[in-house]
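**Student:** Requesting a structural model of the entry that follows:
(one chain, ligands or ions: 2)
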Amino acid sequence: MAELILGQVLSYHGDPFVEGPEVVRLERNGGIVMLGGQIVATGTGDAMRKAYPAATVTDYGNHLISPGFIDPHVHYPQTAIIASWGKRLIDWLNTYTFPEEMRFADPEYAAEIAARYFDLTLANGTTTVCSYATIHPESVDAFFTQAQKRGLRAFAGKTCMDRNAPPGLQDTAKTAYDDSKRLLEKWHGVDRLSYVITPRFSPTSTPEQLSALGALWAENQSCLMQTHLSEQTDEIAWAKALFPNARDYLDTYEAHGLLGMGGLYGHAIHLEPREVDRLVEVGASLVHCPTSNSFIGSGLFDMQTMVARGLRVGLATDTGGGSSFSMLRTMAAAYEVAQLRGVSLHPAQLWWLATQGSARALRSEHKIGNIANGMDADLVVVDLASTLAIEQATRRADFIWQSVFPTIMMGDDRAIKAVYIGGNLA
Ligand code: GUN
Ligand code: ZN
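**Tutor:** Ligands and ions are numbered 1, 2, ... in the order given. Sure thing, here's the model as predicted:
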């Protein structure tokens, strides 16, 4: 049975960084018809009512109907340690992250946190995430089991580390390869789930482990590969000291088969010119994590250069290094970081980054991140007047995006009125 939802419908007809914000359209009285988990028709509400007279209709009035938010770099096991005080990256990992990740040896705890994590992301309108698990294979099973139960399109992989982490959080080159391969065969392509090969970052892997995972990636080219790159200056110095023959941080991955299309490089703040050139040449994706980069004190991502160079850039929370589960809050942080670099990102660009941009980073833009025929019906319905502070600011709107921008800057889960997963109301 077809379902028609009515509201202010947002859709993309190009890249707002390349072609300008006009390619992001807001159809004031729009309609979306969903059937069999997909979007089958879009247009004006009146036209959709005429074309699908038997469809059940839900009218969201003035609310914005958008592709669901896509968060392409998260650590679901860090849910409970979000907003932990007073440390920078390496100390933060050792003080808060590693002790918490140890707890995921217990499958029951992993299942509890995975369920809590998806409750939080869905409440914030996020319909797809790409997560690091822990080194425990059970933590991957817990994530995918909960995602599958909710019908989500979701990405994740077992985090691999064989040095510079507590003994209880280390695998080896061989077990990292074997466990990742087994999990990949178990989950990749099942329902809407995708396995992602996941070396945490160069400082916690030996060259042997990086090579083993590079080989696994070469054998499974339909998988994405995710890792961290050039997040903090101390981390970069450490990576270079551990890999004395590397030309730069990126080369620690490149030399081991871990640079390529389908590579997702989180943070990527302090890049050298050769690194940017190589990332562009191979068509890699970068992920901007602005709340995390401010919270952990990492630095200001250079969005303008990276998009001008044609890199695919996604926008992510990086929970729990990031300080929010909300992609609205994350868009606000991206705006603020760009302002500090002298660039005012347009609201249309911010929204695009949190949906289509992140879908492109995950190489899934043909399935998610837009409202168009044949796309997955993963949608979020957003109230653009969810608080008094926001509502009174939108009253001044003198251009259409000024009615959206206060929600970007001040909105939270109170703005999320409904979420559709594969056409079903979550
Ligand atoms: N670098 C290596 N591991 C992590 C992590 O868990 N979070 C962040 N923000 N950076 C990392
Ligand atoms: Zn991360």
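**Student:** And the nearest residue to Glu254 once chain neighbours are set aside, its phi and psi?
**Tutor:** Nearest residue to Glu254, sequence neighbours excluded (CB to CB, 6 or more residues apart in numbering): Arg278, at 6.7 Å. For the C-beta atoms, the positions are set from N, CA and C on the backbone; glycine is no exception. Here the main-chain torsion angles of Arg278 (degrees, to the nearest 10) amount to phi -70, psi -40.
**Student:** so who does Arg278 touch?
**Tutor:** Arg278 makes contacts with Leu250, Glu254, Leu259, as judged by CB atoms under 8 Å, 6 or more residues apart in numbering.
**Student:** What pLDDT does the model give it?
**Tutor:** Note on Arg278: pLDDT of 98.
**Student:** And it, how close does it get to Arg200?
**Tutor:** 21 Å (CB to CB, to the nearest Å).
**Student:** which one of the contacts of Arg278 is nearest ligand 2?
**Tutor:** Distances from ligand 2 to the contacts of Arg278, taken as CB to the ion, are shortest for Leu250 (16.6 Å).
**Student:** What sits closest to Arg226 if chain neighbours are left out?
**Tutor:** In this structure residue 226 is Gln, not Arg. What sits nearest to Gln226 in space, not counting adjacent residues and going by CB to CB, 6+ apart, is Leu264, at 4.3 Å.
**Student:** tell me the secondary structure for that neighbour?
**Tutor:** Here Leu264 is recorded as strand under DSSP: H, G, I helix; E, B strand; the rest coil.
**Student:** My read is that it contacts His228, right?
**Tutor:** No - Leu264 is not in contact with His228 according to CB atoms under 8 Å; the separation is 10.0 Å.
**Student:** Report the rounded mean pLDDT for the helix or strand where Ala241 lies.
**Tutor:** Ala241 is part of helix 233-242 when elements are defined by DSSP states H and E. The pLDDT scores in helix 233-242 average 98.
**Student:** Mind listing what's buried along it?
**Tutor:** Within helix 233-242, the residues scored as buried using 16 or more other CB atoms under 10 Å are Glu235, Ile236, Trp238, Ala239, Lys240, Leu242.
**Student:** show me the contacts for the last one.
**Tutor:** I take that to be Leu242. Listed by CB under 8 Å, 6+ apart, the contact set of Leu242 reads Ser202, Pro203, Thr252.
**Student:** and if you look at the fourth one?
**Tutor:** Under the criterion of CB under 8 Å, 6+ apart, the contact partners of Ala239 comprise Phe201, Ser202, Pro203, Ala246, Tyr249, Thr252.
**Student:** filter these down to the ones near ligand 1?
**Tutor:** Filtering the contacts of Ala239 for proximity to ligand 1 by CB under 6 Å from any ligand atom leaves Phe201.
**Student:** Just want to check the distance between Met306 and Leu362.
**Tutor:** Relative to Leu362, Met306 is positioned 16 Å away (CB to CB).
**Student:** the more surrounded of these two?
**Tutor:** Neighbour totals were compared for Met306 and Leu362, and Leu362 leads with 28 against 20 (other CB atoms under 10 Å).
**Student:** And the residue nearest to Glu254, how far from ligand 2?
**Tutor:** 21 Å (CB to the ion, to the nearest Å).
**Student:** The stretch 101-250 of the chain: helices as residue ranges?
**Tutor:** All helices of the stretch 101-250 of the chain, identified by DSSP state H, counting those that start in this stretch, fall at 107-123, 137-149, 173-187, 207-219, 233-242, 249-254.
**Student:** quick revisit: list the beta-bridge partners for the residue nearest to Gln226.
**Tutor:** Counting by DSSP bridges, Leu264 forms beta bridges with Gln226, Ser285.
**Student:** Got a quick PyMOL command for the buried subset of the contacts of Arg278?
**Tutor:** Entered in PyMOL, the line below selects the buried ones among the contacts of Arg278, by 16+ other CB under 10 Å:
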select buried, resi 250+254+259
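**Student:** low-scoring stretches of the protein, by residue?
**Tutor:** Under the criterion of pLDDT under 70, none of the chain is flagged as low confidence.
**Student:** buried stuff in stretch 360-367?
**Tutor:** Neighbour count says stretch 360-367 has Arg360, Ala361, Leu362, Arg363, Ser364, Glu365, Lys367 buried, by 16+ other CB under 10 Å.
**Student:** Show me what His75 is bridged to.
**Tutor:** His75 has these beta-bridge partners by DSSP bridges: Tyr132.
**Student:** wouldn't it be in contact with Thr317 here?
**Tutor:** No - at 9.6 Å, His75 does not count as touching Thr317 under the criterion of CB under 8 Å.
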